[in-house]
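Trainee: output the structure for:
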Amino acid sequence: MRVGIGYDIHPLVKGRKLVLGGVEIPFKEGLDGWSDADVLTHAIIDALLGAAALGDRGSHFPSGKAKYKDISSLSLLKEVKDKLAAKGWRISNIDAVVIAEEPKLAKFIAPMRLKLSQTLAIKLAQISIKASTANGIGCVGKGRGIEAQAVALLEGGKDESI
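Mentor: Model prediction:
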């Protein structure tokens, strides 16, 4: 078994859609980034890659590369799932938190869990997502960005017998 952690943060800007966990959330601003800037999915990707010792999101999907411009982060997550499977890894569980002052995310948690579990081909019970605030502290607390953290537990792995 292996554990990985992931983290991501992006600034909020006008003129972009807000996407978290593959779900479009109605809001006056969206997250700025090369892809869809889905901080939740990005944190999960890094946790999964880290657990398998496969590097980080930037080494697999570099910013500035045309093929990743505005790409859905769920597409990237699917690629990571396939890379893990090729190495014999199975996802045991994922636990994640999104930190944002607004919008309120409670009603979007279930759809996020469903989209992510479907993309990863895991049971809904294997993924937990929570929402929190930064209590007015820092750039996230002042409403200038959104961040996410994730932990993933993997089982198996072909390299474990080495």
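Trainee: spatially central residue for this protein, please.
Mentor: Residue closest to the mean C-alpha point of the chain, counted by C-alpha atoms, centre = their mean, is Thr41 at 1.8 Å.
Trainee: show me the contacts for it.
Mentor: By C-beta atoms under 8 Å, 6 or more residues apart in numbering, the contact set of Thr41 is Leu20, Gly21, Gly22, Ser73, Leu74, Leu76, Leu77, Leu116. C-betas here are computed from N, CA, C, even on glycine.
Trainee: same check on Lys14?
Mentor: Lys28, Glu29.
Trainee: from Gly30, how far off is it?
Mentor: From Lys14 over to Gly30 the distance is 8 Å, taken as C-beta to C-beta, to the nearest Å.
Trainee: any regions of this protein where pLDDT drops low?
Mentor: 159-162 (pLDDT under 70).
Trainee: then stretch 73-87 to CSV, C-alphas only?
Mentor: Output in CSV follows, covering the C-alpha atoms of stretch 73-87 (Å, rounded to 0.1, in the frame of the first residue of the first chain):
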residue,chain,number,x,y,z
SER,A,73,-9.1,17.8,-16.0
LEU,A,74,-11.2,14.7,-16.0
SER,A,75,-9.4,13.7,-19.2
LEU,A,76,-6.1,14.1,-17.5
LEU,A,77,-7.4,12.1,-14.5
LYS,A,78,-8.5,9.3,-16.8
GLU,A,79,-4.9,9.2,-18.3
VAL,A,80,-3.5,9.0,-14.8
LYS,A,81,-5.9,6.1,-13.9
ASP,A,82,-4.7,4.2,-17.0
LYS,A,83,-1.0,4.9,-16.1
LEU,A,84,-1.7,3.5,-12.6
ALA,A,85,-3.4,0.4,-13.9
ALA,A,86,-0.5,-0.2,-16.3
LYS,A,87,1.8,-0.3,-13.2
